[in-house]
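K.L.:
Fold the stuff below for me.
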Amino acid sequence: MDEYDGRKVRNICILAHVDHGKTTLADHLIASSGGGVLHPRLAGKLRFMDYLDEEQRRAITMKSSSISLRYKDYSLNLIDSPGHMDFCSEVSTAARLSDGALVLVDAVEGVHIQTHAVLRQAWIEKLTPCLVLNKIDRLICELKLSPMEAYTRLIRIVHEVNGIVSAYKSEKYLSDVDSILASPSGELSAESLELLEDDEEVTFQPQKGNVVFVCALDGWGFGIAEFANFYASKLGASANALQKSLWGPRYYVPKTKMIVGKKSLSAGSKAKPMFVQFVLEPLWQVYEAALDPGGDRTVLEKVIKSFNLSIPPRELQNKDPKNVLQSVMSRWLPLSDAVLSMAVKHLPDPIAAQAYRIPRLVPERKIIGGDDVDSSVLAEAELVRKSIEACDSSRDSPCVVFVSKMFAIPMKMIPQDGNHRERMNGLNDEDSKSESDECFLAFARIFSGVLRAGQRVFVIAALYDPLKGESSHKYIQEAELHSLYLMMGQGLTPVTEVEAGNVVAIRGLGPYISKSATLSSTRNCWPLASMEFQVSPTLRVAIEPSDPADMSALMKGLRLLNRADPFVEITVSARGEHVLAAAGEVHLERCVKDLKERFAKVNIEVSPPLVSYRETIEGDGSNLLESLRSLSLNTSDYIEKRTPNGRCIIRVHVMKLPHALTKLLDENTELLGDIIGGKGSHSVKILESQNPSLGENVDPIEELKKQLIEAGVSSSSETEKDREKCKTEWSKLLKRIWALGPREKGPNILFAPDGKRIAEDGTMLVRGSPHVSQRLGFTEDSTETPSEASETALYSEALTLESSIVSGFQLATASGPLCDEPMWGLAFNVESHLAPAEDSETDKPEHFGIFTGQVMTAVKDACRAAVLQKNPRIVEAMYFCELNTAPEYLGPMYAVLSRRRARVLKEEMQEGSSLFTVHAYVPVSESFGFADELRKGTSGGASALMVLSHWEMLEEDPFFVPKTEEEIEEFGDGASVLPNTARKLINAVRRRKGLHVEEKVVQHATKQRTLARKV
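P.N.:
Take a look at the predicted model:
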């Protein structure tokens, strides 16, 4: 390219459910526009973008990879992404680097669970989507549908996809309306109206040209425009008018040569929609002519003649009718032309896309009372933001790059020619020493400026704040870029410089970046917003080397794996185990295989999965008013503990929080951590929340505050009068939030006690401060007025004990009484009464240990005892599972589900096919090996996809003992009662953690036998 033109660039990712044909579609686009890297005959069979051995063996994509294509005078960066739920993090990395998305949907299977996920990801990242309906040939060959039935099916799929997108649009629309009405003026300005009128029409309309119908395996596809241009001369109508009429209820009347709507048709007319008559019926005729043994071959000849197709005679004389059909169809309706012309026309270029993606990429910051802020730093940061918004590719503009992931490739794959070899031979950094056989490249997109090989840049972490100066220096490093490459699937093409708007691979950042980062040519640059992942890594296993001498090799391998995989999490547990967290079984298998064969190269022992549980108390938290009344410590329903030296009495009351409130606290853990940690009150406030459902000018703290009030009352089932009373009581209680736990941001609340500072018996109450309520804005940050009591030594001692009480609460919520798992959805009220020390007791604190430690332990024990008193229950994580199966395998499938303690939600037959879709909840603890057992039980006739859904309380009492006559009759006298499910789960966790388990070693002493073998 002599002159770089950003408007001739397109960055596109292919998104879809697993096995809907992404990589096959990519093959055909590469074969036609990839510069000869793939022969057209191998397209669809080679799966060029799946270059890993594991991907070829399993026939699924496991990582996002990019390739550069040329179409006419356009340059396209095509990113293929996985469809499997385990690798959805790779979808996030692909979506961040793209401006547009090709959303594939299988015409037979329709919209699936992962289709929802990828459409949401595209919406979050503000990508412009185009719809590709794939596998149209299966409607003809497999389902044997008539053209009219196929048309009905296609219309239903387009409606369904539009429904998903419009749900996201309306969610944003409603939040925008709320934010505008909540504004001080309360009036709709012209700007506001423009914002609200965005939701006028549905997203995907074939007549607009952003929907194409394809068969990726056979290499053909078409949009409405191709047929409109062909029929324009035949019917004597304009191509534009035909394009609008070839979809929907439009009918052609041959007598009058008019296109009419359904109402204008005469009664009893057998006219078919124009899409059926002019598009689908000719396709069906070509298929029947080619594939039926007695098919009319003249139809094929007519197509070849009408469109002047140049097909070699030997291809037409092929004995396999499928090959003949493929030869005709791929030349008549070339797939790559249909898809790439749509991409070029309907997907935005980087300059247009970054202008409206900027609120997502770099959220707007506003200064709040910051007199000490350096205005020059702020001005430069704003200049950088403007450069990103304009996608400025001039050489003097600041260079900003986002690295969405690091990926490892073998050193032998790196191009080694000319001065690149010299530069790489000259490397003398940690990067080249530590990697040995593996080289780490950064998968990146340039948002502004020009990136050059050898350039020095700043590597900025997500927590960096240019206004903080010295305190923020730990989040920024300076690095030199060694080489830049254009990605061609597995191949790499060295380049010396790349302009804004392009996707590139960068070498030399291995030691500086772990997962993702922002690169900038200036220090004064805000980091680009972090990527949002749809799920979190939930499958955890402990790993250790088979030979303890290989521990150092495993440690090195884990560091490399952590850098190479954007989603894996590696931690060291409290017991010293190395815990590897993956998204699912397939992801875990891939990680372990990579460790063994690429990164650590040692034999590894993998433990059974470590399942996380939570602990709570009985009840659903719906009767909030009663719980609030009982929270008053005047009732006798509390646990009392005394410190060993007898100076401090601790009383604890516990209540169950409503489910909606618990869920809200759990979902907003990161935001609460930022607010409580002090980031929310810093001089810079992020107006755009990372939650895409919020409007662009909604303050996330205010929104969270409003939701906390509503969530507390929404689930209560009282009358309107009681509801108001409940809201008042709850609002009072929200002003007393002392801390959240565990780790200061969990779904459990510690309330500050509300009582007299000095009791009648002379003891002093440790009041605490509503620290969290002040941060959230429920109460003013006011200090207590000094009184006579505050001058005493007892008062100052009470103040020092506040942190001990909070620490005791944190310890208790981090490890509950059942099996040392975190607590879930509980509120604690802790009253600590401190008695004055006697002169004769001055030596006692030394005897019993430090007093603050005694208080901490007493609070922890009291909280755990309070939970045990209130009938504790275990909470387990649940997967939402979508299963597809033929009717004959429904029985075996239900048998597998019942063995796994699954709860079936619904079962429905897919319209237009004989397949059943079943939705169920499966406990995470029962999900391991579920897919294999399902395949075995149904002879491969059923498939399942699981995604983490929610936490659910197990109703069974782990300490159940039959007491009533009915229970004794049903379960026996208690001696022979088998442990229930809850007790089994608790015992398994306790055994794994090395805690005491109450179980009989000898079950029946009379039946013991020796091990002597009787012949």
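K.L.:
which residue ranges form the strands in the stretch 601-750 of the chain?
P.N.:
With strands called from DSSP state E, counting those that start in this stretch, the stretch 601-750 of the chain shows them at 604-606, 613-617, 639-642, 648-656, 684-686, 737-741, 748-751.
K.L.:
quick one, what contacts Ile601?
P.N.:
Let me fix one detail, which is that residue 601 is Lys and not Ile. Contacts here follow Cβ atoms under 8 Å, 6 or more residues apart in numbering; on that basis Lys601 touches Ala553, Gly557. Backbone N, C-alpha and C define where each C-beta goes, glycine included.
K.L.:
how about it, phi and psi?
P.N.:
Recorded main-chain torsions at Lys601 are phi 60, psi 40, according to degrees, to the nearest 10.
K.L.:
now do Val400
P.N.:
Phi and psi for Val400, reported as degrees, to the nearest 10, are phi -130, psi 130.
K.L.:
how about stretch 645-654: buried residues?
P.N.:
Buried residues in stretch 645-654, defined by neighbour count with 16 or more other Cβ atoms under 10 Å: Asn645, Arg647, Cys648, Ile649, Ile650, Arg651, Val652, His653, Val654.
K.L.:
circling back: tell me which of the strands of the stretch 601-750 of the chain sits nearest to Glu999.
P.N.:
Each of those was checked against Glu999 via Cβ to Cβ, and the shortest separation belongs to strand 613-617, namely 18.9 Å.
K.L.:
Output the contacting helices and strands for that closest one.
P.N.:
Identification of packing neighbours for strand 613-617 by 3 or more Cβ pairs under 8 Å, 6 or more residues apart in numbering; DSSP states H and E yields strand 648-656, strand 872-885.
K.L.:
so that strand versus strand 872-885, what angle?
P.N.:
Relative orientation of strand 613-617 and strand 872-885, computed by axes from the mean of the first three to the mean of the last three Cα atoms, to 10 degrees: 130 degrees.
K.L.:
From Ile140, how far out is Leu29?
P.N.:
Distance check for Leu29 against Ile140: by Cβ to Cβ, to the nearest Å, it reads 23 Å.
K.L.:
higher neighbour count, these two?
P.N.:
Between Leu29 and Ile140, Leu29 has the larger neighbour count (other Cβ atoms under 10 Å), namely 27 against 20.
K.L.:
Quickly find the element holding that one.
P.N.:
Under the assignment given by DSSP states H and E, the secondary-structure element containing Leu29 is helix 22-33.
K.L.:
Show me what the helix or strand just after that helix is packed up against.
P.N.:
Toward the C-terminus, helix 22-33 is succeeded by helix 53-58 as the next helix or strand (DSSP H and E). Here helix 53-58 is seen to pack against helix 585-594 when contacts are counted using 3+ Cβ pairs under 8 Å, 6+ apart.
K.L.:
Can you tell me which helices and strands the helix it packs on packs against?
P.N.:
Using 3+ Cβ pairs under 8 Å, 6+ apart as the contact criterion, the secondary-structure elements in contact with helix 585-594 are helix 53-58, strand 539-545, helix 551-564, strand 578-582.
K.L.:
Need those in CSV (columns: distance to Pro82).
P.N.:
Below are the helices and strands packed on helix 585-594 laid out as CSV (distance: least, Cβ to Cβ, whole Å):
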stretch, distance to Pro82
helix 53-58, 9
strand 539-545, 17
helix 551-564, 15
strand 578-582, 14
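K.L.:
To Pro206, which of those lies closest?
P.N.:
helix 53-58 (32.8 Å).
K.L.:
what is the rounded mean pLDDT of the closest one?
P.N.:
Per-residue pLDDT values over helix 53-58 give a mean of 84.
K.L.:
Only C-alpha atoms, please: export that helix in CSV.
P.N.:
Below are the C-alpha coordinates for helix 53-58, written out as CSV (Å, rounded to 0.1, in the frame of the first residue of the first chain):
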residue,chain,number,x,y,z
ASP,A,53,-3.1,-30.7,16.9
GLU,A,54,-5.7,-30.8,19.6
GLU,A,55,-8.1,-28.7,17.5
GLN,A,56,-7.8,-31.0,14.5
ARG,A,57,-8.2,-34.1,16.7
ARG,A,58,-11.4,-32.8,18.5
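K.L.:
Next, the buried residues of the helix or strand just after it.
P.N.:
Moving toward the C-terminus from helix 53-58, the first helix or strand encountered (DSSP H and E) is strand 65-71. Of the residues in strand 65-71, Ser65, Ser66, Ile67, Ser68, Leu69, Tyr71 count as buried by neighbour count, 16+ other Cβ under 10 Å.
K.L.:
Can you give me every residue that contacts Ser803?
P.N.:
With the criterion set at Cβ under 8 Å, 6+ apart, Ser803 makes contact with Thr852.
K.L.:
Checking it next. Helix, strand or coil?
P.N.:
Following DSSP: H, G, I helix; E, B strand; the rest coil, Ser803 is assigned to helix.
K.L.:
ok so, going back, out of the strands of the stretch 601-750 of the chain, the one nearest Asp5 is which?
P.N.:
Distances from Asp5 to each of those were compared by Cβ to Cβ, and the smallest falls on strand 684-686, at 34.2 Å.
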